[in-house]
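Chemist: please find the sequence and the predicted model below.
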Amino acid sequence: MKKLAQEGYEPIDTLIKPNTNNPWTVKEKLLLGLSPQDYMKQLLRNPFNWFLAVVYAVGIPLLLGRFFFGLGWATHGSYDYPWGLFLGWGLFVMVPLSASGFMLGTTVELFGRKDFKPIERLGLLNGLLGYFFAVVFLEVDLGQPWRLVYPMFVSLGPAAVLFLVAWHVATYLTVQIAELVPATSELMGWVKPKKFVKSIVLGLTVAGIILSTLHQGALGSLFTYAPHKLHPLWISTAFQWILFFCSSIFGGLSMLIVVSALTKWFMSWRCDDNFLKNLDRITIGLGKGCSMALITYLVLKITAIAHDNEWSYLLDGWGMWFFFEMIVGTLIPLAFFTMAIRTDRAGLARFAAMFAVFGIALNRMNTVLITYNWEMYQDIPHWREFCIAIMVYFTYIVVYRAVLYRIPIVYTWRGERK
Amino acid sequence: MKKLNRRNFIKGSLAGGLAAAATGKATKADAAGGTFGGYPDSMGVLVDMTKCIGCRTCEAACNVEQGLPEPDIPFDDYSFFDQHGHGGEKPRTTEKAYTVVNRYEVEGRESPFFRKVQCNHCQEPGCLTSCFVNAYTKTPEGAVIYNPKVCVGCRTCMIACPFYIPAYSFSSAINPIIKKCIMCYDTRLKFGRPPACVEACPQGVMTFGKRKDLVAQAHTKIEESGGKYIDHVYGEKEVGGTSWMYISDVPFEEIGFNMHVGNAPIISYVKDFLAMVPMVLIIWPALFTGFHLLATRKAKTDESNKA
């Protein structure tokens, strides 16, 4: 697309074709205003697509195998490690990294910070897609995915933490879809849906905060069912929900910083000036949020250790591993964010955000897999499990890219014509 | 008899708490926390581990009673004990075996020590409280049973079980479900008969009876043995008490028992979070709408001043 942009290609941002009176057809919108031949050409020219082809060539047969031969074929089928990469990565890492949706909704709609408007939709989209693919991962992992609705309608277990997660993720997905209706309406030329959502946006935002507080916390609380199985440094039954919730705040914001930077670097043809020119300022603003959440998280984490009197655990190998996580995932991003804010350097904030995203991923993997059964043995997931997880994750990236190409997320819709 | 689903479980615990408070038998903390504490007439099994010789007859009986597939290693083949699982672990319960016997070499003992592993049928089971489709039931007879027809396959119960008991039929693509010991509820316990493994044991290792009688019996046995037995009935208090209890002359930690599980039922660790849920649901809407009003106040005032 970069090459096309250099040749003078202009992406669609109006309902009516330039220099005519004809509206763009849906097909033309899907093909980005290119002829099918040109569209195919740009697809084949992009080396990333060739890489994707390899990922799918390996991943799709394995995914089919998982459904035809069962989970025992695709994973170790371990009774001691009932949860593996699909949930560890797909649910526990993706959900906190998708907290940007409710964070940006709150910032812009609830606190009235209109200066974050240029990135609000990207925050919402990052939230929606992250949650949607967390559900996709869940469907790959569940023994009987077709029974996904059982906890909703068939047999209810309302006192279980997972019941809350199921309901909240489902309702929150609905909220996030509604929040992105305005963007889709613009592209499709609908008027009423956009108006309707605008009228209920405050309600949606508050619902988003409630649901996010509870299900981000609930993901942590799932491990309070196994307080004896996790290494004590990674489980604090009293603090687990607030630790998970608090870390999801900087997790979601940092992911948004990373994604917006990637968009700027690889998709500048699609971004408009409103997005590009404001991005550095907004990145620093998001960095401020991150730094506050990071310092809160750090203090909470220390408090949790003091509360359970776990100081002695800090001294052995597990303790070193804990220090590694805290230094790389919390202290370094905290220091870099602070420097970035003081010296007004967006680049440094992006660097900090990468550390924070890595830190969240490491913390969740530590909780779900690495320190789980710490007194027993460590299980390295089956290679097929890795391949399937990678494939599903790249599908997330493909869908993400496809949506950004088309729906007005990082550019402003001009309406009828220029 | 009424089965225990979650609603009855809560009702029962509330009613039980009130009744106990009225008779003054329970502590205040028990009543306030809504601790269930188990059915009064629930049955149980007392395992005298000193008697077990590792013949695996119980495994064979379980296999027949529950209609399980042929074992990988026949029940009369004792190389079974030398197996090591993925992480060097001793054999554990699987989708094909609801009970297994483990062998332990204990220092200072001539013969090896054997331990039968199966579901301990907790009074307040972690698996039951973690299940989001309410598949599990603690029956008044003491068994923890489950309904495979609603199992979605999330495997949270496997996470929640402090004893690593529930297995999952990972090998099935169309109908994988949780697999575990149900104390022969359908075929025996319901009719007041002991589980198949208990009845089959040639050594009389296991005693079937009312749980509260068994607790008393265990303590008497320990007292009368003159110091032979360790003074601890494993399962009397662990994770809120279990229907299966153990006495031994070897310290429990040397024969694979988890001594870190504590006496609180698993659900008690989750209650901190569960109590927070209604708070957030009730308080957040007003709180954050209030924040919104505060945050946008200046803009509103400016507007009205202009007008």
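Modeler: Good, I have the coordinates. Numbers count the residues shown, from 1 in each chain, chains lettered A, B, ... in the order given.
Chemist: what about whatever residue of the stretch 251-400 of chain A ends up closest to chain B, distance to residue A:81?
Modeler: Of all residues in the stretch 251-400 of chain A, residue A:377 sits closest to chain B, at 2.4 Å by Cβ to the nearest Cβ. Every C-beta, even on glycine, is put in place using the N, C-alpha and C of the backbone. Distance, residue A:377 to residue A:81, using Cβ to Cβ, to the nearest Å: 9 Å.
Chemist: neighbour-wise, which of those two wins?
Modeler: residue A:81 (25 against 13; other Cβ atoms under 10 Å in any protein chain shown).
Chemist: quick check: the more buried one is in a strand.
Modeler: No - according to DSSP: H, G, I helix; E, B strand; the rest coil, residue A:81 belongs to no strand; its state is coil.
Chemist: what residue is smack in the middle of chain B?
Modeler: What sits nearest the mean C-alpha location of chain B, by Cα atoms, centre = their mean, is residue B:122, with 3.8 Å.
Chemist: is stretch B:261-271 in proximity to chain A?
Modeler: Yes - contact of stretch B:261-271 with chain A (Cβ under 8 Å from any Cβ of the partner chain) involves B:261, B:262, B:266, B:269, B:270.
Chemist: the fourth one: helix or strand, and which one exactly?
Modeler: Applying DSSP states H and E as the criterion places residue B:269 in helix B:267-295.
Chemist: buried ones in that helix?
Modeler: With burial defined by 16 or more other Cβ atoms under 10 Å in any protein chain shown, the residues of helix B:267-295 counted as buried are B:267-274, B:276-277, B:280, B:284, B:288, B:291-292.
Chemist: point out where the chain drops to low pLDDT.
Modeler: In the absence of a named chain, this looks at chain A. For chain A, the stretches flagged by pLDDT under 70 are A:416-418.
Chemist: actually chain B
Modeler: Scanning chain B for pLDDT under 70 picks out B:1-35, B:307.
Chemist: all the helices of it, residue numbers only.
Modeler: B:6-23, B:28-33, B:57-65, B:126-130, B:156-160, B:196-200, B:211-224, B:267-295, B:297-306 (DSSP state H).
Chemist: what sits up against the last one?
Modeler: Helix B:297-306 is contacted from outside by residue A:112, using Cβ atoms under 8 Å, 6 or more residues apart in numbering or on different chains.
Chemist: how does chain B divide into domains?
Modeler: Here the domain assignment for chain B is B:37-265, B:271-306, based on automatic domain parsing.
Chemist: and the residue in the stretch 151-300 of chain B positioned nearest to chain A, what are its phi and psi?
Modeler: Relative to chain A, the nearest point of the stretch 151-300 of chain B is residue B:153 (2.1 Å; Cβ to the nearest Cβ). Residue B:153 adopts backbone torsions of phi 90, psi 30, taken as degrees, to the nearest 10.
Chemist: look up how far residue A:95 lies from it.
Modeler: 20 Å.
Chemist: those two: which is more packed in?
Modeler: Per other Cβ under 10 Å, whichever of residue B:153 and residue A:95 has more neighbours is residue A:95, with 29 against 21.
Chemist: how far off centre is the helix or strand harbouring that one?
Modeler: Secondary structure assigned from DSSP H and E places residue A:95 in helix A:94-97. Computed by Cα atoms, centre = their mean, to the nearest Å, the chain-centroid distance of helix A:94-97 equals 5 Å.
Chemist: repeat that for stretch A:300-317.
Modeler: On the basis of Cα atoms, centre = their mean, stretch A:300-317 is displaced by 29 Å from the centre of the chain it belongs to.
Chemist: then stretch A:45-54?
Modeler: That offset, for stretch A:45-54, works out to 23 Å (Cα atoms, centre = their mean).
Chemist: can you check stretch A:93-106 too?
Modeler: Worked out by Cα atoms, centre = their mean, stretch A:93-106 lies 7 Å from the chain centre.
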